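Okay, here's the prediction I keep looking at, along with the sequence it came from:
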Amino acid sequence: MESKIEVLTTVKIQQSPDLYKIVDALNRTLKHDDLMFGLALDQEDNEKAVFTIYRT
């Protein structure tokens, strides 16, 4: 059984200490709709975060 993850969109946003709470809430709420959300620091600018939405 192969699991395919599709990137729907990626956006760079201003880093905030509480962003992970939003991503966690989205993941918990929308996992049954085959959506997954990711958050990472931008490797080029530590003041930015990269927010990604995936379809699983």
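Here it is on my side, so go on.

can you tell me the average pLDDT over stretch 7-18?
For stretch 7-18, mean pLDDT is 96.

how about the CA coordinates for that stretch, as CSV?
Provided in CSV are the C-alpha atoms of stretch 7-18 (Å, rounded to 0.1, in the frame of the first residue of the first chain):
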residue,chain,number,x,y,z
VAL,A,7,1.7,19.5,-1.7
LEU,A,8,-1.3,21.8,-2.2
THR,A,9,0.3,25.1,-1.4
THR,A,10,3.3,26.6,0.4
VAL,A,11,3.6,30.2,1.8
LYS,A,12,6.3,32.1,3.8
ILE,A,13,5.0,34.0,6.7
GLN,A,14,6.4,36.0,9.6
GLN,A,15,7.7,33.7,12.4
SER,A,16,5.7,33.7,15.6
PRO,A,17,6.2,31.6,18.8
ASP,A,18,2.5,30.4,18.7
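
what does the host helix or strand of I22 contact?
Taking DSSP states H and E as the definition, I22 sits inside helix 19-30. Contact with helix 19-30 is made by 13, 35-39, 49, 51, as judged by C-beta atoms under 8 Å, 6 or more residues apart in numbering. C-beta coordinates here come from the backbone N, C-alpha and C atoms, glycine included.

So which residues of the protein form strands?
Assigned by DSSP state E, the chain shows strands spanning 6-14, 35-41, 48-55.

Would you mind naming the residues that bridge with T9?
For T9, the beta-bridge partners under DSSP bridges are I53.

If you could redo that for L39, that was the one I meant.
Under the criterion used (DSSP bridges), L39 bridges to F51.

what number of residues lie near it?
Neighbours of L39 under the rule other C-beta atoms under 10 Å: 17.
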